[in-house]
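>>> Following is a predicted model, sequence given first.
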Amino acid sequence: MEADVVRSEMVLPPVMPFKRVQMGDKYQKGQSRGRYWKHLKQLLQAENFISLPLDEPNYLNIESPPSMYPSKKYCDITGFEAPYVDPRTKLRYADPEVFKRVRNLPNDHVQRYLALRNAAVIIR
Amino acid sequence: MGEIRIARQTDYDLFSPTTPIVIDNGGSTFRIGWAGESDPRIMFRNVAFRPRHRSTGETVTVVGEHDPALFKYFDCTRSSWRSPFDNNVVYQFEIMEYVLDYGFDRLGASSSMAGKVDHPILMTECICNPVYSRAKMAELLFETYGVPSVAFGVDAAFSYKYNQNLGICAEDGFALSIGFMTTHSIPILKGEPLPEGSCRTNVGGYHVTNYLKEVLSLKYPYHAPSITWEKAEELKREHCYVAPDYPSELQIFKKETKEAEEKKWVWQLPWVPPPQEELPSEEELARKAAIKEKQGQRLREMAAAKRSQKITDLENELHVLETLLSQLDEAELPEVASSILARSGYLSRQEIESAHSRVSQSLRKARGEPAVTVEENTDTATSADKYPLVSIPDEMLTPDQLKEKKRQIFLKTTSEGRLRAKQKRAEEEMMRERQNQLEEGRRLENPELYLEELRAKYKELSEKIDQRKRLKTNGNGNGNGNGTGNGNNVSGGTGRGERLNAAQRERMRLLTTALFDKGKGEDTFGLKDEDWQLYKLMSKDTDDDDDDVVDPDEAELERVAAKLQEFDPSFVGRAEAELMQSTQEPPRPRALTAEDYQVVLGVERFRCPEVLFQPGMIGEYQAGIDEIVSHSLRRLPNLDSSIKDRMCQSIIVTGGGSLLPGLEQRLETGIRATRPYLSPLKIVRAVDSVMDAWRGASVYAASELFSTQTFSLEDYNEKGEDWLKRYNIVYSLYD
């Protein structure tokens, strides 16, 4: 290890004296451990909240319902109020100058703007 | 943000095993310290990174933030910073273990001989944490770290409790905790949180920063690499604010008033101006001019020397030839003549004479005298001699001579053709000259009118060309579209009412005849080479390429355009106009100034925090943070309205996301809109929104009754998962 890396102690040592089981023993090298852990969605499915009584609060229960207020539409590029939508790219825009900019955007920018709004069409 | 390098604590052993360790396991920051202290000892970003060390090749683990310069020793491309959280729930316990390792290590646990972390642990979690996550966390603490007992609590409740003891808020109220990925509104009654009334919306500080980063990167794609996550966080922390009324704030910026100008923040990226070339001083200029003069002079001298050399050479040659000629003249006997000829290397007297005339000609040119046009006459005179056989009729010649005659005819016609072409070109030149002079005259007379005429002509011509092009492509499009029907639908529809021109009709005919199945009779296509020429005729590409004849209109257009460019300052060529429309970037030739390296935060300053109030802006169709309080209240129908009023007078805003300026005011207007008219409302920010959760937990853990709230491994094993699900601590231990 290089001297300054050692000095900064940024790397975790493989053996920690306060642990009963060390990382190296628990997780064998070379195995892909990422898929081993259940993501939140799977956790919640496993939890099976439907079978539980409805009035008991649980992780899903306390989630907020959709907003009471109708969502306002804002221009994707400038942030002002946007009464118009470009039919080709589905981006919202506020006035004709912004429209020019919308039409001149490269395609990946269009997708990124839409993704900001969670409106991008994902083709897998 | 913690220091880049966190020093290891040295007093771990001084704490007895009964002293709990308090951990605030937050979505953005991990805080760990001792119960009873006012501040956590260690704080760092709750992320881990597993790069490969370049020189040894092994994969190592790095937790939290470190000096970025040290990362050059690692291959950081294959891995990324990972968090143990998914939304606000811990799911990745391997990363969690790395984080805990680092936290305990820096707390000083590595110096203890116990072989385990021999202190009770109080850890924070989100409200209604799924039991799976809780169980896994308990397992990790018990089995890997050997912790004797564990307690879980909600960070927002600890923060509320802490502020309650400080007198900021009352026994009944709301804790509005704006976290990293989520925001919770938790009603507190008699000091205890009510999970059944709490409400969570999935927007938090992360979404604000991410929005800012994306919006700036898209607005300034040139500077996208400089707009990192850390930089975006810094900008958010320093310059973002919450607009008291979003639409009117937008209007201020839309109208570009002076107020808008003041509110804009400009981030100047580092930029080095190109080295300014000093204007050379007078002496410099004079010196340079002198040098140039000298060089010019030298070149001129060299040229003159060469020319005089050439002249003398030519003169010598001329002299030699003349002596030869005179010798030949003097020679009376043919043998002498031939011997002279043989010596000199010329085959005949004629050759010598022609050489002589050539040399004298070049001599005259070199001397700068006008060329004598004697040449032409001699040429024409000798044309009859050069092609003697041409005039003699065929019958009188031998086969050899016939061949010779053919060659001479060929040579004659070509040279005559060349002459004619030259003459024609000269004529055209003269005509063009005359025309130009006329135009010049017209221009000088009346420049305005001339320009007008030119512009009108230009417009006319360009329209004509455009129209023709459009017809061509439309017709081709039609023809092509029909052609791909390939036998199925070959009947040419003209579509859109445009006539096919002659070429297209021809092509249509070919396609129909070629593709139509003749049925009986053998298909003899392809036996002859010429058949394949059919494809050439059918193809529409050759149509365009065969335009060898330069379109007269286009040529005229070119000429007019050139003229306009010269005289009309406001003229923009068609090609250039198209180019300007299609490029998005400004033309680069102009020099980059300091302004190009500026990132302006105008609307973005309050647009990004607005995400908290209008999650619809990022596509989350949930309630904003002001609305969730009303949802919380609605979930408590059994509460008396007087109690609700009382609760609304003690709303605490806590959590890292609450540091935005203008937040409380906006929250107040938002929540007031959902409450009955004139009902009391009071919103207060926590004393220290970031640290109060840990501090509350620390005070809690230090109280005497804390041990009644923890559970040990035996408890966990005996009572099972169901019990763990219902496990909830009592927060009012120390009232």
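Right, received. Where do you want to start?
>>> how deep is B:F71 tucked in, by neighbour count?
15 (other Cβ atoms under 10 Å in any protein chain shown). Glycine gets a C-beta too; all of them are placed from N, C-alpha and C.
>>> do A:D55 as well
Residues within reach of A:D55, counting by other Cβ under 10 Å, total 8.
>>> for B:C128, same thing?
23.
>>> and the residue nearest to it when sequence neighbours are not counted, what helix or strand is that in?
Closest residue in space to B:C128, ignoring its immediate chain neighbours: A:Y59 at 4.9 Å, by Cβ to Cβ, 6 or more residues apart in numbering or on different chains. Under DSSP states H and E, no helix or strand contains A:Y59.
>>> give me every residue that touches A:Y59.
A:L44, A:E47, A:F49, B:V89, B:C128, B:N129, B:P130 (Cβ atoms under 8 Å, 6 or more residues apart in numbering or on different chains).
>>> For chain A, which segments count as helices?
A:3-8, A:23-26, A:40-47, A:96-103, A:107-116 (DSSP state H).
>>> Compare these and report which one is nearest to B:D172.
Across these, B:D172 has its closest neighbour in helix A:40-47 (30.9 Å, Cβ to Cβ).
>>> Narrow the contacts of A:Y59 to those that are buried.
By neighbour count, with 16 or more other Cβ atoms under 10 Å in any protein chain shown, those hold A:L44, A:E47, B:V89, B:C128, B:N129, B:P130 as buried.
>>> ok, the third one touching B:C128?
The one in question is B:V89. No. Between B:V89 and B:C128 there is no contact under Cβ atoms under 8 Å: 9.7 Å.
>>> about what we covered before: rank the contacts of A:Y59 by pLDDT and give me only the lowest.
Lowest-confidence member of those: A:F49, scoring 73 (pLDDT).
>>> My read is that that one contacts A:P57, right?
No. Using Cβ under 8 Å, A:F49 is not in contact with A:P57; the gap is 10.4 Å.
>>> distance of the closest residue to B:V47 other than its chain neighbours from chain A?
Residue nearest to B:V47 in three dimensions, not counting chain neighbours: B:W81, with 4.5 Å by Cβ to Cβ, 6+ apart. B:W81 sits 13 Å away from chain A when distances are taken as Cβ to the nearest Cβ, to the nearest Å.
>>> quick one: pLDDT of B:W81?
Reading off the model, B:W81 has pLDDT 89.
>>> ok, it to B:V62 distance?
Between B:W81 and B:V62 the computed distance is 9 Å (Cβ to Cβ, to the nearest Å).
>>> do the same with B:E439
Using Cβ to Cβ, we find B:E439 at a distance of 77 Å from B:V62.
>>> And these two? Which one has more around it.
In this view B:E439 and B:V62 are compared by other Cβ under 10 Å, and B:V62 has more residues nearby, 24 against 13.
>>> so what's the residue in chain A that chain B sits nearest to closest to, chain neighbours aside?
Using Cβ to the nearest Cβ, the closest approach of chain A to chain B is made by A:N118 at 2.3 Å. Leaving aside its chain neighbours, A:N118 sits nearest to B:G619 (2.3 Å; criterion: Cβ to Cβ, 6+ apart).
>>> What parts of the stretch 601-735 of chain B come near chain A?
Contact residues, the stretch 601-735 of chain B versus chain A (Cβ under 8 Å from any Cβ of the partner chain): B:603-604, B:607, B:614-624, B:627-628, B:631.
>>> out of those, which are buried?
The neighbour count (16+ other Cβ under 10 Å) marks B:603-604, B:607, B:614-618, B:620, B:622-624, B:627-628, B:631 as buried among these.
>>> Show me these that map onto strands.
Judged by DSSP state E, the subset of those located in strands is empty.
>>> In chain B, which residue sits closest to chain A?
Going by Cβ to the nearest Cβ, chain A is nearest to B:G619 of chain B, at 2.3 Å.
>>> So that residue sits against A:R117, correct?
Yes. With contacts counted by Cβ under 8 Å, B:G619 reaches A:R117, the gap being 4.8 Å.
>>> burial measure for residue 53, as a count.
Using chain A. With other Cβ under 10 Å as criterion, A:P53 counts 6.
>>> sorry, should have said chain B
Using other Cβ under 10 Å, B:H53 has 16 neighbouring residues.
>>> Quick check: bridge partners of it?
B:F74 (DSSP bridges).
>>> how about a markdown table for the buried ones among the contacts of A:Y59, with distance to B:V690 added?
Formatted as a markdown table, these follow (distance: Cβ to Cβ, whole Å):
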| residue | distance to B:V690 |
| --- | --- |
| A:L44 | 29 |
| A:E47 | 31 |
| B:V89 | 21 |
| B:C128 | 23 |
| B:N129 | 21 |
| B:P130 | 26 |
